[in-house]
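Q: Quick one: sequence plus predicted model below, questions after.
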Amino acid sequence: MPGSQTIETATPAQTRRRQAIVRAAEHQFAERRFDEVLMDDVAAEAGVGKGTLYRYFEDKESLYFAVVMEGFDALIERLHNADAASDPVERLQQTVGSIVGYLRRDRFFFRLMDRDEGEGRRRGLKAEWKRRRSALVDEVAQVLRDGAQTGAFEIRHLHMDAQILLGMVRSCMRFNEQGLDDEQIVAEIIRIFVQGVRRHEPQPTGHGNDATSE
């Protein structure tokens with residue numbers, strides 16, 4: 001990628017400098033909107049000159065993508081290392097909660113990814129995002145697979161079902177007209193995904209409701 005230091009060929013000092021820049025950018029993006037963040041402020045917080053910053057990242061979007069991608073890698077690692085022995089529904093709820101938390105912080109990323117496909121190819125970011133998204137689908141599918149093996153879930157099309165769950169998460173985060181908080185969003189997604197929206201009538205009790213009684 002033009003204007004960025006290749007990680008594989010970087011010296012230890014360059015790696016530390018890049019990490020300092022990314023950490024400073026992460027703080028700046030967390031505190032302000034994307035269009036309010038200045039590269040000068042990132043450089044100052046990282047303790048590098050602005051020219052040095054541009055040797056690692058060609059522009060603010062490239063720097064933002066680096067922050068987001070590293071956050072996404074941390075999310076996948078957290079899901080991968082989750083306790084597989086926990087209750088399947090609880091584990092699924094924790095998985096959805098982790099993803100919702102990630103999307104809450106990095107919603108602007110998805111607006112950038114919706115831009116012109118050609119720009120994404122030029123930066124090589126589409127391929128990076130698709131690879132990571134595939135890894136996320138695999139992690140969600142593993143949670144569903146483990147739940148199915150315990151008999152808690154009925155999964156007919158594993159990766160499709162994982163994609164459906166992720167689509168529910170993204171839609172809820174993008175179109176939340178009712179203003180639900182993250183905990184409410186997670187609870188609603190789990191309720192619908194696990195139980196569906198069909199009303200479950202209470203089972204009749206007593207001999208008077210027994211269809212076989214005379």
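A: Received, thanks. Numbering: from 1, shown residues only.
Q: And the helices in the chain?
A: All helices of the chain, identified by DSSP state H, fall at 12-31, 39-46, 50-56, 60-80, 88-105, 107-113, 117-123, 125-149, 158-174, 182-190.
Q: With distance to residue 201, mean neighbour count and mean pLDDT as new columns, can these be given to me in TSV?
A: For every residue, glycine as well, the C-beta is placed using N, CA and C. Below are the helices of the chain laid out as TSV (distance: least, CB to CB, whole Å; neighbours: other CB atoms under 10 Å; pLDDT from 0 to 100):
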stretch	distance to residue 201	mean neighbour count	mean pLDDT
helix 12-31	48	16	91
helix 39-46	58	17	96
helix 50-56	62	16	94
helix 60-80	36	18	89
helix 88-105	22	18	91
helix 107-113	40	15	59
helix 117-123	49	13	47
helix 125-149	26	16	91
helix 158-174	25	16	93
helix 182-190	22	17	96
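Q: Can you tell me which of those helices is nearest to residue 198?
A: Nearest of the helices of the chain to residue 198, taken as CB to CB: helix 182-190 at 15.4 Å.
Q: Dump the closest one to CSV, keeping only the CA atoms.
A: Taking C-alpha atoms only, helix 182-190 is exported to CSV below (Å, rounded to 0.1, in the frame of the first residue of the first chain):
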residue,chain,number,x,y,z
ASP,A,182,-26.8,-2.5,23.5
GLU,A,183,-28.2,-4.9,26.1
GLN,A,184,-31.7,-4.6,24.7
ILE,A,185,-30.5,-5.1,21.2
VAL,A,186,-28.6,-8.3,22.2
ALA,A,187,-31.6,-9.6,24.1
GLU,A,188,-34.0,-9.0,21.2
ILE,A,189,-31.7,-10.6,18.6
ILE,A,190,-31.3,-13.7,20.8
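Q: I'd like the domain boundaries of this protein, if you could list them.
A: Using automatic domain parsing, the domains assigned to the chain come out as 1-58, 60-195.
Q: Export these as CSV, with columns for distance to residue 202.
A: Shown next, in CSV, are the domains of the chain (distance: least, CB to CB, whole Å):
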stretch, distance to residue 202
domain 1-58, 48
domain 60-195, 15
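Q: can you redo the helices of the chain as TSV with distance to residue 197?
A: Converted to TSV, these look like this (distance: least, CB to CB, whole Å):
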stretch	distance to residue 197
helix 12-31	36
helix 39-46	46
helix 50-56	49
helix 60-80	27
helix 88-105	17
helix 107-113	26
helix 117-123	35
helix 125-149	19
helix 158-174	12
helix 182-190	10
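Q: of those, which approaches residue 199 most closely?
A: The closest of the helices of the chain to residue 199 is helix 182-190. By CB to CB, the value is 16.0 Å.
Q: tilt between the closest one and helix 88-105?
A: 130 degrees (axes from the mean of the first three to the mean of the last three CA atoms, to 10 degrees).
Q: Touching helix 182-190 from outside, list them.
A: 89, 92-93, 96-97, 100-101, 104, 165, 168-169, 172-173, 176, 180 (CB atoms under 8 Å, 6 or more residues apart in numbering).
Q: which among those residues gets closest to residue 64?
A: Residue 64 has its nearest neighbour among the contacts of helix 182-190 in residue 104, at 16.0 Å by CB to CB.
Q: Perfect, that will be all.
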